[in-house]
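Chemist: Mind folding the following:
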Amino acid sequence: MNNLEAKPSKLPSNQFDHFYKGGYRIGKLRNGPGGPMRPEEWIGSTTTRFGELVNGLSKLADGRLLKDAVNADPSGWLGEKHVQRFGVSTEVLVKLLDPDQRLPVHYHPDQKFAKDKLHLNHGKTEAWIILEAPAGARVGLGFKKQMDKSEIAQLVKAHNSQALLDSLVFKEVKPGDAVFVPAGVAHAIEAGIFVLELQEPTDLSILLEWDGFAVDGDKDGHLNLGYESALDALRLSPLTKEENEQIFTGFDSSSVKSHSIFKSVANPFFRADYLTGDDKKVEAGFGIFLCLSGEGELNFENSGTLAVKSGDAVVIPFGAGTFTVNNCVGILSRPPAA
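Modeler: Below is the predicted model of the structure:
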């Protein structure tokens, strides 16, 4: 195998400054710089921060940008079926979120809005997998009642953070929980919740409030669209009971069998599996594996064996073939099936 051929690679830390506080647990887990203003790591990222050219892109262990490697060998990294359906997009962005302060109330546009208003192929449907959470920690997701666009606009203009927080439905979460977050739905995460996040590969966020954060939302909170237009991407109706049954799920850390984390509602956007090291053969395909505990190895059909330990993040190309996980436990994040 030559040095430029698609092969599994451990990913160096990819933390960078953001507008909210946090990042120390990421630094500890991933041997990165930590906080105080680096609360996110973008893992296996071919996505840049909104409006930027490089910030956000992941590097391989050999120093190449993953984006450049994928573009040079799309079939080797993504598989021919994936390329035929999605092109050279990896179709998924994986992050670690470690907020030391709550996230502001915000939302993300869906694919149609992103295409019509921003000329992009992806919105930002996402999901949170809760790795750690203090007792009683909560996430807010969706409005309690039907809202009106003009009412929201007034709250945004008035910087009325408390009213916006009060408008959300909050739910307690614990380690092992997972929450699917549809595009357009207003949401927030309380401080101290350590999250592995999967999302469509964009950086599209619209802020509804931002007091106490290192950002000027009046200037930078609306994707350069202005709030009159940006608020058209906001879902004003509450989530239904049927939707909530699909949205809230999780993984069982006590299980010895590997299993899927999300329900079928996530399938058009991304997939995630909790791999227990039970020798289950994982099908070939692009993915990001984050080892959460143990010290073991990944055994690939076409790429030999790679030693891994807690905190290692490995980008896996289609060309590596099927693989098994031995003596370590982690989460495999993947794009939608082709």
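
Chemist: Please, where are all the helices along this structure?
Modeler: With DSSP state H as the criterion, the chain has helices at 24-30, 66-72, 74-78, 80-86, 111-118, 149-157, 161-166, 217-220, 227-230, 241-247.

Chemist: who wins for proximity to residue 320 among these?
Modeler: helix 74-78 (9.2 Å; Cβ to Cβ). C-beta coordinates here come from the backbone N, C-alpha and C atoms, glycine included.

Chemist: now that closest one: mean pLDDT?
Modeler: The pLDDT scores in helix 74-78 average 98.

Chemist: buried stuff in stretch 87-107?
Modeler: Residues 88-100, 102-107 are the ones in stretch 87-107 that count as buried (16 or more other Cβ atoms under 10 Å).

Chemist: Also stretch 60-75?
Modeler: Neighbour counts using 16+ other Cβ under 10 Å place 60, 66-67, 69-70, 73-75 of stretch 60-75 among the buried residues.

Chemist: which residues are contacting it?
Modeler: Outside stretch 60-75, the residues that touch it by Cβ atoms under 8 Å, 6 or more residues apart in numbering are 3-6, 9-12, 44-46, 57-59, 77-78, 83, 87-88, 90, 315, 318-319.

Chemist: just the buried members of those residues?
Modeler: Among these, those classed as buried by 16+ other Cβ under 10 Å are 6, 9, 11, 44-46, 57-59, 77-78, 83, 88, 90, 315, 318-319.

Chemist: Looking at those residues, which are in strands?
Modeler: Among these, the members falling in strands are 9, 315 (criterion: DSSP state E).

Chemist: Counting neighbours, what do you get for residue 169?
Modeler: Here the count is done by other Cβ atoms under 10 Å, and residue 169 has 17 residues near it.

Chemist: do the same with residue 163
Modeler: With other Cβ under 10 Å as criterion, residue 163 counts 14.

Chemist: swap in residue 249?
Modeler: 19.

Chemist: For it, name its beta-bridge partners.
Modeler: With DSSP bridges as the criterion, the beta-bridge partners of residue 249 are residue 178.

Chemist: and if you look at residue 40?
Modeler: Going by DSSP bridges, residue 40 is paired in beta bridges with residue 97.

Chemist: quick revisit: mind checking the helices of the chain for the one nearest to residue 40?
Modeler: So among these, helix 24-30 is nearest, using Cβ to Cβ, at 7.6 Å.

Chemist: CA atoms only for the closest one, dumped as PDB, please.
Modeler: C-alpha atoms of helix 24-30 as PDB (Å, rounded to 0.1, in the frame of the first residue of the first chain):
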ATOM      1  CA  TYR A  24     -11.000  21.100  28.800                       C
ATOM      2  CA  ARG A  25     -12.600  17.600  28.600                       C
ATOM      3  CA  ILE A  26     -11.900  17.500  24.900                       C
ATOM      4  CA  GLY A  27      -8.300  18.400  25.500                       C
ATOM      5  CA  LYS A  28      -8.000  15.700  28.100                       C
ATOM      6  CA  LEU A  29      -9.700  13.000  26.000                       C
ATOM      7  CA  ARG A  30      -8.000  13.900  22.700                       C
END
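
Chemist: Report the strands that pair with the lengthiest strand in the chain, each with its relative direction.
Modeler: Criterion DSSP E: the longest strand present in the chain is strand 287-300. Using DSSP bridges, the strands paired with strand 287-300 are strand 304-309 (antiparallel), strand 313-316 (antiparallel), strand 323-334 (antiparallel).

Chemist: By neighbour count, which bits of the longest one are buried? Give me those.
Modeler: Looking back up the chat, that one is strand 323-334. 323-325, 328-334.

Chemist: now do stretch 222-232
Modeler: 222-223, 225, 227, 230-231.

Chemist: Adding distance to residue 183 as columns, could you present the residues you listed in TSV?
Modeler: Listed next are the buried residues of stretch 222-232 as TSV, based on distance: Cβ to Cβ, whole Å:
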residue	distance to residue 183
222	16
223	13
225	15
227	18
230	13
231	14
